[in-house]
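> The following comprises the amino acid sequence and a computationally predicted model.
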Amino acid sequence: MSLTIKEAKKLYRDMLLIRRFEEKAAELYTEEKIRGFLHLYIGEEAVATGIMATLKPEDGVVATYREHGHALVKGIEPQKVMAELYGKIDGCSRGRGGSMHLFDKEKNFYGGYAIVGGGLPLAVGIALADKRLGRERVTVCFFGDGAVAEGEFHESLNLAALWNLPVLFVCENNLYGMGTRLELAESEPDIAKKAESYRIESHRVDGMDVLKVHEAARKALSHVRSGKGPVFLECQTYRFRAHSMFDAELYRSKEEVEEWKKKDPLLVFRKRSEELEIWEKIGADAIEKEVEKIIADAVDFAEKSGWEPVDELTKYVYSEEVPS
Amino acid sequence: MKKEITYREAVRIAIDTAMEKDERVFLAGEDVGRYGGSYAVSMGLLEKYGSERIVDTPLCESGFTGMGIGAAMNGMRPIVEIMTCNFSLLALDQIVNNAAHLLHMSGGQFNVPLVIRMATGAGKQLAAQHSHSFEGWYAHIPGIKVLTPATVQDAHDMVGLALDDPDPVLIFENALLYNRKGPFDSAAKPLPIGKAKVMREGNNLSIFAYGINLFKALDAAEELAKEGIEAEVVDLRSLRPLDDETIVASVAKTHRVLIVDEGWRSGSISAEIMARINEKAFYELDAPMARVCTEEVPIPYPRHLEEAAIPSAEKVAAAVRTLMKEA
Ligand SMILES: Cc1ncc(C[n+]2csc(CCOP(=O)(O)OP(=O)(O)O)c2C)c(N)n1
């Protein structure tokens, strides 16, 4: 494992940032500061963190509605993400997208998409454009195991492989699509195997261990960057919270959730870095403090931000500048 | 240069010109390359531009339409061809939930300069899964533009207009128009998106039509002129945005309205046009507005039933005669 202290620190900090950000979001939701659908990523932090740590700023990301973590570690300012959850004008999508539709063009964050499977063809097109325009860039596409049953999953894998495009597909297999367990949704529940049938290099990764995800992503990206075509990573993970804030969680047992919590990515990271004898050097307390301040600032920023004036309601339906 | 060419040639010339001018333009769709296009629009372009720019896709309307959206978001100028608008329903999620919504949902950050071309319309005995007219449905959706070229000149010009537009534009080409010849001036300045055009002046009533029905309306107007009825015929050209100004000006001149629409009557674009005239020019009307639409059935296979289902010059003329008898 070739990991510098600096890299290790960043991995821990990013995971903690997602964790604390979302804990705060859940709190704000019960206070009714945040409305709509709120899908928390808690438990799955190692996936976004491990993958994103290997990306360059110019690489593109397409995500789903459970994308706070992806947005944060891709570098969108936490203040702008929080303001977006509030629906405020300083949000990263001017408050128009909300929790499920975070966008940031400057950070090459192509958005969170709430139609299951709908982001996959976009990632194919973004990658195709990069290839045609000769840009050295990779597009990473995140989606859940639920998306595997959609036609667009199969259409997109086929196109990406057929055209040898620079896409990294990352399936966040948390075993459930809302309340439906993978085995009830897929005749072949081995997702990596499905991807392989499209002649895409595919791997299964322990998605609770950020170091393993990071390592897999590093290899995957070097494959993609060298022009050898798409790679598929199935990251096996688990969400500790409900699907959304409206979910009574009738479909799984408390014991199962508790069992998975033993594999909490923060705990796993601590254990692994103790083995590597670097835990002491991470400075966990200082990171905790730093993150606490970031979250407090984000909430403060969101609180103070204004609402978009209603007379701007129909703005951005069409572009303002149309050449004549 | 002025000459007579077919509608098909006009579209091909436009694509060819755009591809020559701008490296970012590419054409993608089922059988656009080696087959030459299911309506032979792209015949010969593969040889000229190669398979990276004339892209044969597998059968996956949602996948390749979404691919076009992603490419458009990322600096390309894709033209996606969908064989017929019936198949576009498989891509409806991408067109509506992504292409039409992205600019707004991203707070103005991501525009989608994508062009989607599809064949539309009945009249070739292709039965109910190959003959429909969904342009009116698409015109319901904010965020996209919907063009319905009728003339050879527009078949050409609208491709360029759509490519220059920063937003997603859908072009509906009536399948029966591809072989039709008409005048074409390669140097003409295109009439912008969102403008209707008066194709025949008249004082007795206004006929609003688009696509192939423009010609049915013009034929009917010729017949009616022999009976002393002078119809004004307006080519709508663009169903979204609709040119309210030209529509209202024509109503104010003639005071009677007939709309010809190849979509089904209920909830159609003709219903929308009536509503707008009602809102903006009600007191100009001398008679209730009328319309000729497709009968409310899936298009049948036998010729006599198909003909009975869709608008025709005879139906238009008959509707006008009835309309002229009103008050
Ligand atoms: C096309 C579509 N169908 C249904 C839904 C409703 N829905 C929202 S999330 C979800 C489950 C998706 O599960 P998965 O892809 O595994 O992602 P996870 O929520 O586990 O991250 C469903 C069915 C939707 N958003 N889009």
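Nice, I can see it.
> What number of residues are in the vicinity of A:Glu277?
Summarising burial for A:Glu277: neighbours were counted as other CB atoms under 10 Å in any protein chain shown, giving 8. Where C-beta positions appear, they are placed from N, C-alpha and C, glycine not excepted.
> How about the secondary structure of it?
Classification of A:Glu277 by DSSP: H, G, I helix; E, B strand; the rest coil places it in coil.
> before we move on, what about the one 10 residues further on?
Remark: A:Ile287 carries the secondary structure label helix [criterion: three-state DSSP].
> What of B:Ile82?
Per three-state DSSP, the secondary structure class of B:Ile82 is strand.
> which residues does B:His104 contact?
B:His104 sits next to A:Arg96, A:Tyr316, A:Val317, B:Gly143 when contact means CB atoms under 8 Å, 6 or more residues apart in numbering or on different chains.
> pretty sure it is in a strand, no?
No - counting by three-state DSSP, B:His104 is not found in a strand; it is helix.
> The ligand versus that one, what's the distance?
As defined by CB to the nearest ligand atom, to the nearest Å, B:His104 lies at a distance of 19 Å from the ligand.
> Then A:Ala71?
Note on A:Ala71: its distance to the ligand, by CB to the nearest ligand atom, is 15 Å.
> where's the residue nearest to that residue when sequence neighbours are not counted, which helix or strand?
Leaving aside its sequence neighbours, A:Ala71 sits nearest to A:Leu102 (CB to CB, 6 or more residues apart in numbering or on different chains; 4.4 Å). With elements delineated by DSSP states H and E, A:Leu102 resides in a region that no helix or strand encompasses.
> residues in contact with the residue at minimal distance from the centre of chain A?
The central residue of chain A, meaning the one whose C-alpha is nearest the mean C-alpha position (CA atoms, centre = their mean), is A:His70 at 3.3 Å. Under the criterion of CB under 8 Å, 6+ apart, the contact partners of A:His70 comprise A:Ala48, A:Met52, A:Val61, A:Ala63, A:Phe109, A:Gly112, A:Phe142.
> Now a ChimeraX select for only the buried ones of these.
Selecting in ChimeraX just the buried members of the contacts of A:His70, where the criterion is 16 or more other CB atoms under 10 Å in any protein chain shown, is done with this command:
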select /A:48,52,61,63,109,112,142
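> Can you list which of the contacts of A:His70 are found in helices?
Taking DSSP state H, the ones among the contacts of A:His70 that sit in helices are A:Ala48, A:Met52.
> where do the helices sit along the stretch 51-200 of chain B?
In chain order, the stretch 51-200 of chain B shows helices spanning B:61-73, B:92, B:102-105, B:135-138, B:152-164, with DSSP state H, counting those that start in this stretch as the criterion.
> Quick one: closest of those helices to A:Lys33.
Taking CB to CB as the criterion, A:Lys33 comes closest to helix B:102-105 out of these, the separation being 21.3 Å.
> for that closest one, what is the average pLDDT?
Within the predicted structure, the mean pLDDT of helix B:102-105 is 98.
> hmm, back to that, can you tell me the SS state at the residue nearest to the centre of chain A?
At A:His70 the chain is in helix, as set by three-state DSSP.
> quick one on the thing from earlier: of the helices of the stretch 51-200 of chain B, which stretch is the most buried?
Scoring those by mean neighbour count under mean count of other CB atoms under 10 Å in any protein chain shown gives helix B:61-73 as the most buried, with a mean of 29.
> hmm, that helix in reach of the ligand?
No - contact between helix B:61-73 and the ligand, assessed by CB under 6 Å from any ligand atom, is absent, since the two come no nearer than 10.9 Å.
> quick check: mean pLDDT across that helix?
Helix B:61-73 carries an average pLDDT of 98.
> cool, and stretch A:127-147?
Averaged across stretch A:127-147, pLDDT comes to 97.
> Can you tell me how far the residue nearest to the centre of chain A is from A:Asp104?
Shown here: A:His70 relative to A:Asp104, a distance of 11 Å by CB to CB, to the nearest Å.
> With A:Lys9 instead?
The gap separating A:Lys9 from A:Asp104 is 24 Å, by CB to CB.
> Close to chain A: what parts of the stretch 101-250 of chain B are there?
Applying CB under 8 Å from any CB of the partner chain, one finds that the stretch 101-250 of chain B approaches chain A through B:102-111, B:142-143, B:145, B:164-167, B:192-193.
> now do 10 Å
B:101-114, B:142-145, B:161, B:164-168, B:192-194, B:241 (CB under 10 Å from any CB of the partner chain).
> quick one: B:Gly263 is in a strand?
Yes - B:Gly263 forms part of a strand when assessed by three-state DSSP.
> Please point out which parts of stretch B:23-43 sit buried.
Under the neighbour-count criterion of 16+ other CB under 10 Å, stretch B:23-43 has B:24-33, B:36-39, B:41-42 buried.
> Show me those residues that map onto strands.
Among those, the residues falling in strands (DSSP state E) are B:Val25, B:Phe26, B:Leu27, B:Ala28, B:Gly29.
> How much space separates the last one from the ligand?
Pointing back at B:Gly29 there. 24 Å.
> Please apply the same query to the first one.
With distances defined as CB to the nearest ligand atom, the gap from B:Val25 to the ligand amounts to 31 Å.
> Which residues does that residue form beta bridges with?
According to DSSP bridges, the partner residues bridging B:Val25 are B:Arg77.
> Number of residues surrounding A:Arg272?
The local packing of A:Arg272 (other CB under 10 Å) involves 18 other residues.
> Which of the helices or strands spans it?
Secondary structure assignment for A:Arg272, by DSSP H and E: helix A:265-275.
> any idea which helix or strand comes after that helix?
The element immediately downstream of helix A:265-275 (helix or strand, assigned by DSSP H and E) is helix A:279-282.
> Which elements pack onto that following helix?
Applying 3 or more CB pairs under 10 Å, 6 or more residues apart in numbering or on different chains; DSSP states H and E, we find helix A:279-282 packed against helix A:5-30, helix A:265-275.
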